[in-house]
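In: quick one: sequence plus predicted model below, questions after.
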There are 2 protein chains.
Amino acid sequence: MLAEIITIGDEILIGQTVDTNSAWMGHALNEVGVEVARITSVADREEAIVHALDHVLPGTTMVLITGGLGPTKDDLTKIVLTRYFHTELAFHPLAYENLARLFAQLGREVSEINRLQAMLPVGARIYLNKLGTASGMHFEHHGIHFISMPGVPYEMKHLMEDYVIPFVQRELETSPILHRTLLTTGAPESVLAERLDAFENQLPPDIKLAYLPSPGLVKLRLTARGRRTDLEAQLEERFAELSHLLADVAFGSEAQSLEEIIGKMLLELGHTLGTVESCTGGAIARTITAIPGSSAYFRGGIIPYHGDLKQQLLQVPKAVMMEQGQVSEPVAIQLAREGQRVLGTDWCISTTGIAGPTGATPEKPVGTVWIGIAGPGFAEARKFQFGNERGRNIQKTTLTALDILRKKLKKSHPQTLA
Amino acid sequence: MLAEIITIGDEILIGQTVDTNSAWMGHALNEVGVEVARITSVADREEAIVHALDHVLPGTTMVLITGGLGPTKDDLTKIVLTRYFHTELAFHPLAYENLARLFAQLGREVSEINRLQAMLPVGARIYLNKLGTASGMHFEHHGIHFISMPGVPYEMKHLMEDYVIPFVQRELETSPILHRTLLTTGAPESVLAERLDAFENQLPPDIKLAYLPSPGLVKLRLTARGRRTDLEAQLEERFAELSHLLADVAFGSEAQSLEEIIGKMLLELGHTLGTVESCTGGAIARTITAIPGSSAYFRGGIIPYHGDLKQQLLQVPKAVMMEQGQVSEPVAIQLAREGQRVLGTDWCISTTGIAGPTGATPEKPVGTVWIGIAGPGFAEARKFQFGNERGRNIQKTTLTALDILRKKLKKSHPQTLA
């Protein structure tokens, strides 16, 4: 079962908006056995939209279209689709009721411009949008399902979850697509490839290995496609083999992110965590607290960005700051140790470094970072030399700090898999 | 001058990776007068890549291709392009030298698998990649420039900045594409559209208005395209008119994000900022410290996630916590006021709320958030009711808190434009 995604909007082409919808849809479709063969982004112009509709790939069963359904003049998708499928707009009472309810919640009357959102193409299935004014529209044409949804991510997700995915499961015939991803850190892609040469050569034709490098991380993805009854078991077996071969560099699978793994380990241990972040400015705490339920183990953090606060809130001795500087081993250790005490936690991670672009010295170039950790009965720190780019330095420091914590937790807790 | 972007990689189609490269490239190309007419993402399969190359849109001058250039077996782009353009691979001594240098920096020998990265197509211009093993390749075919780059974002950016953009400026003829974006908050898209009806009808044909809604924000973008000598002046004039019409809801232009505007205002005032974040868990500090140079005004933050820390670190009286709960007006005010004192700042913003999915009570459903602010001589808090989704609640709280701060700063500092 092949699908295509077409996203409509100048904002994507000019780089004002990153298209996150397509990735979300690709993932959701894979889970129900639909493979996305192509993603195309086109402009808010009739001829561009028509060109995309005219050139659907052969073999496609479903075309998911997002964007261009707002009430304003720059939004053309509904008009173009209505013309393309040779139908016309008519007033849709249920869609209007839905609109009226949304406006009532905001304490407003339905405005004229929004009333037009209830004019919908005759002959299309209409998917009512509980979260916004643009309805989903589902056309069937020469055996292909064309489904148009708004581009606002949470409205699109609502229509996907409530209408499109159930439609696929109910009415289309699919075969499984399964993915398992191993996360590794500490070895480059080419080294992993050499180590996996024999493994890769022995994979059956319906299981494929892919390498996905990113700063500080290489993901290894096994994908299985097809109708074999033992496909899932085969995939699990290969994945176990892969995990075993790379046991020294693997830290988990993608179903669990580093912050989720840490959360689980802390919960199992009944331990708590705190953070003292200087150069990461809250990025580590923000990552940890993105996980639902993190309040059960994350007590809090301190961001002593200015040197004064390192002294006042975390008792870093002035002499140490003067002699060794803020970006140094004793400061990183003290921040972690004192953080552990002040925040009342079992574990505390700390960062102090030069994210850039300013703040470098000859001995401490941009990208110099100390990461400290304090745990039951110990406190230590390690130095890293990351790159020149502020954003990437913050990201790499965050990931590295979480991985240091994971390894220490694992030692406290050897029976976990992670 | 029209361009197309083709991104190659199963990871995009299955939703494992969000394609951020295309947005970056679209933006960079617009700045030198190149319009991206389409973005297409296809699989790591020969026939998918060939299909995309065969179906370039009429009128396209340049096709930028990213991805599929790694040293591993799943990467096919170089082989497919070499076949497609009827050439062959040959050893490229400069590319090899570059590889050897990269490996030497890591203290490694060039491995056999990486040596193959120096085998490059004869007849293509080769763009040496200082940051990775995959070179850029530039083919010219029937007057169209096909340029292939690695998919790792910082490697792609390096090749774009050092080779592709200079190539466009040197060898291609372009005409300007100019964008100006006004950021607004507090009025929905349809209300803005009604207020702008006359303005929109009077726009000249070479200036276009687009509405981009996102949680808590509507962006209004004016785009001007063409060769008129007064195009830029015309655009600025229309933008000024737009800003004037929406003065009550506009807070800045996209060149400046909310955190940049705040940074500038603080610098001009010579004031400092701190944060005390409970429900946002570091997201506000992380946003502020993403700005280079933020250490000049951001002194630091406290993340008192657990109630105990609200009492211990920020002196919230136990009685208040018991009677009104952690998510309440007096707690938000105390966090901001005491944060200001402890962090030694002129300004402090605080958050306390129920991000979800757990922690709700009948009186305080998920999405209930108090945002506090303390500034010179005052401290206050406001209540918000956001939605059901944890991630979006954190995001909306962050944006709203920054906007509250911006408005207060503006009052202290009425001469600024923001």
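Out: Received the coordinates, thanks. Numbers count the residues shown, from 1 in each chain, chains lettered A, B, ... in the order given.
In: when you work out contacts or count neighbours from here on, use the C-alpha atoms and nothing else.
Out: OK.
In: tally of neighbours for A:Thr275?
Out: Neighbourhood size, A:Thr275 [other CA atoms under 10 Å in any protein chain shown]: 30.
In: got a list of what it touches?
Out: Residues near A:Thr275 by CA atoms under 8 Å, 6 or more residues apart in numbering or on different chains: A:Ile284, A:Ala285, A:Gly300, A:Gly301, A:Ile302, A:Ala336, A:Gly339, A:Cys348, A:Ile349, A:Ser350.
In: quick one: secondary structure of the residue in the stretch 51-200 of chain A positioned nearest to chain B?
Out: Proximity of the stretch 51-200 of chain A to chain B (CA to the nearest CA) peaks at A:Asp74, 5.7 Å away. Under the three-state scheme (DSSP: H, G, I helix; E, B strand; the rest coil), A:Asp74 adopts coil.
In: skip the chain neighbours and tell me the closest residue to it.
Out: In this structure, A:Asp74 finds its nearest non-sequential neighbour in B:Ala210, 5.7 Å apart by CA to CA, 6 or more residues apart in numbering or on different chains.
In: flag the shaky bits of the stretch 301-418 of chain A, pLDDT-wise.
Out: A:413-418 (pLDDT under 70).
In: which parts of it sit against chain B?
Out: A:301-306, A:309, A:343, A:356-358, A:390-391 (CA under 8 Å from any CA of the partner chain).
In: of those residues - the most surrounded one?
Out: Neighbour tally across these (other CA under 10 Å): the maximum, 34 neighbours, falls on A:Gly301.
In: you'd agree that residue is in a strand?
Out: Yes - assessed with three-state DSSP, A:Gly301 lies in a strand.
In: re the thing from before, which ones among the contacts of A:Thr275 map onto strands?
Out: Using DSSP state E, A:Gly300, A:Gly301, A:Ile302, A:Cys348, A:Ile349, A:Ser350 are the members of the contacts of A:Thr275 that sit in strands.
In: what's near enough to touch the third one?
Out: For A:Ile302, the residues meeting the contact criterion (CA under 8 Å, 6+ apart) are A:Thr275, A:Val276, A:Glu277, A:Gly339, B:Gly300, B:Gly301, B:Ile302, B:Ile303.
In: can you tell me how far it is from A:Thr289?
Out: A:Ile302 is 14 Å from A:Thr289, where distance means CA to CA, to the nearest Å.
In: and for the last one?
Out: Computed as CA to CA, the A:Ser350 to A:Thr289 distance reads 16 Å.
In: buried sites along the helix ranked longest in chain A?
Out: Criterion DSSP state H: the longest helix present in chain A is helix A:390-412. Of the residues in helix A:390-412, A:390-406, A:408-410 count as buried by neighbour count, 16 or more other CA atoms under 10 Å in any protein chain shown.
In: against which helices or strands is that helix packed?
Out: Applying 3 or more CA pairs under 8 Å, 6 or more residues apart in numbering or on different chains; DSSP states H and E, one finds that helix A:390-412 makes contact with helix A:258-269, helix A:283-289, strand A:347-353, strand A:368-375.
In: chain center to stretch A:320-330: distance?
Out: Mean C-alpha position of stretch A:320-330 versus that of the full chain (CA atoms, centre = their mean, to the nearest Å) differs by 36 Å.
In: and what of stretch A:377-384?
Out: Averaging C-alpha positions (CA atoms, centre = their mean) puts stretch A:377-384 30 Å from its chain's average.
In: how about stretch A:199-207?
Out: 28 Å.
In: pLDDT-wise, which helix or strand of chain A ranks last?
Out: Of the helices and strands making up chain A, the lowest-confidence element is strand A:250-253, at a mean of 82, by mean pLDDT, DSSP states H and E.
In: for A:Glu268, grab the count of nearby residues.
Out: 11.
In: check contacts around it.
Out: Counting by CA under 8 Å, 6+ apart, A:Glu268 has no contacts.
In: and what of A:Leu405?
Out: A:Ile262, A:Ile349, A:Ile373.
In: any idea what the last one is bridged to?
Out: I take that to be A:Ile373. A:Ile349, A:Glu380 (DSSP bridges).
In: which ones are touching it?
Out: A:Ile333, A:Ala336, A:Arg337, A:Trp347, A:Cys348, A:Ile349, A:Ser350, A:Ala379, A:Glu380, A:Ala381, A:Ile404, A:Leu405.
In: name the nearest residue to the third one, ignoring sequence neighbours.
Out: Right, the one you point to is A:Arg337. A:Ala374 (5.3 Å).
In: okay, now the one you found: neighbour count?
Out: So A:Ala374, with other CA under 10 Å, has 29 neighbours.
In: next, the contact list for it, please.
Out: A:Ile333, A:Ala336, A:Arg337, A:Gln340, A:Asp346, A:Trp347, A:Cys348, A:Ile349, A:Glu380.
In: please apply the same query to A:Leu209.
Out: A:Glu200, A:Leu220, A:Arg221, A:Leu222, A:Thr223, B:Asp74.
In: quick one: which two of the contacts of A:Ile302 are the most distant?
Out: A:Gly339 and B:Gly300 (14.3 Å; CA to CA).
In: out of those two, which sits in the busier spot?
Out: Shown here are A:Gly339 and B:Gly300; by other CA under 10 Å, B:Gly300 has more neighbours (32 against 29).
In: isn't the more buried one right up against A:Leu309?
Out: Yes - in this structure B:Gly300 lies within contact range of A:Leu309 using CA atoms under 8 Å: 7.4 Å.
In: overlap of the contact sets of these two?
Out: The contact lists of B:Gly300 and A:Leu309 share B:Leu343, where a contact means CA under 8 Å, 6+ apart.
In: helix/strand/coil for A:Arg227?
Out: coil.
In: did I read that right, A:Arg382 in a helix?
Out: No - using three-state DSSP, the assignment for A:Arg382 is strand, not a helix.
In: settle this for me: A:Arg299 is touching B:Lys310, isn't it.
Out: No - with contact defined as CA under 8 Å, A:Arg299 does not reach B:Lys310; the gap is 10.2 Å.
In: now do the shared contacts for the two.
Out: Joint contacts of A:Arg299 and B:Lys310 (CA under 8 Å, 6+ apart) are B:Pro304.
In: ok, the residue of the stretch 101-250 of chain A found nearest chain B to B:Asp19 distance?
Out: Proximity of the stretch 101-250 of chain A to chain B (CA to the nearest CA) peaks at A:Ala210, 5.7 Å away. Distance of A:Ala210 to B:Asp19, given as CA to CA: 17 Å.
In: before we move on, what about A:Val164?
Out: 23 Å.
In: repeat that for A:His145.
Out: 25 Å.
In: if you count what's nearby, which of the two comes out ahead?
Out: Counted by other CA under 10 Å, A:His145 and B:Asp19 do not tie: B:Asp19 has more neighbours, with 22 against 16.
In: for the residue lying closest to that one once chain neighbours are set aside, what are its contacts?
Out: Nearest residue to B:Asp19, sequence neighbours excluded (CA to CA, 6+ apart): B:Ile12, at 6.4 Å. By CA under 8 Å, 6+ apart, B:Ile12 lies in contact with A:Ala23, A:Gly26, B:Val18, B:Asp19, B:Ser41.
In: good, we can wrap up now.
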